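>>> sequence? don't have it. structure:
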C-alpha cells in the first residue's frame, strides 16, 4: 500500500509516552493518513474513538490508568457494532505469550514490537486496512 492509499483512512494513536506518541503521529502523517488522532491512555482513547471514528487504532499495551487490554475490552464490549470490528494493533516492548493470547482473545488484530519503524507500520497497517 502506498502513502496515497492511506489517504482515505484515519488512525488513532493511544500511547502514554508523549515523545513516542509524537514520533508515531509524525510517521503516520508521512505515510499519508488523512487524519492522525492521539490519546494518552485507554480512557481518553475511548473518548477519541467516539469523537473521531478512526479506521484503525494503534494502541500501547502498558499504560495507566487504563491499559491497552482494558481499552480493548471496553471497546469490544461497548455494544456498538463498529467497535467490535474496528482494527486494533497493539504496540509493546514485551511480546510475552500470555499477554498476546489475552489480546488476541479480545480481538487484537496484530502486534508491533516497539520501537515501530515506518516500514513495519506501513506493512502492518496495510494488512489490516485491506
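Ah, there it is. Quantities reported herein were computed from a predicted structural model and do not represent experimental measurements. Residues are numbered from 1 along each chain as shown.
>>> Find the centremost residue of this structure, please.
With distances taken as CA atoms, centre = their mean, the chain has residue 58 as the residue nearest its mean C-alpha position (1.4 Å).
>>> Please report phi then psi for residue 91.
phi -120, psi 140 (degrees, to the nearest 10).
>>> Does it touch residue 62 like I think?
No - contact criterion CB atoms under 8 Å: residue 91 and residue 62 do not qualify, at 9.6 Å. (C-beta placed from N, C-alpha, C; glycine too.)
>>> before we move on, what SS does residue 89 have?
At residue 89 the chain is in strand, as set by DSSP: H, G, I helix; E, B strand; the rest coil.
>>> That one: how many residues sit nearby?
Residue 89: 20 surrounding residues under other CB atoms under 10 Å.
>>> That one and residue 59 touch, don't they?
Yes - counting by CB under 8 Å, residue 89 touches residue 59, with 7.1 Å between them.
>>> Please enumerate residues in contact with the helix or strand hosting residue 126?
Element membership of residue 126 [criterion: DSSP states H and E] is helix 118-129. Helix 118-129 has contacts (CB atoms under 8 Å, 6 or more residues apart in numbering) with 1, 5-6, 9, 11, 24, 27-28, 30-31, 55-56, 58, 87, 89, 109-110, 112.
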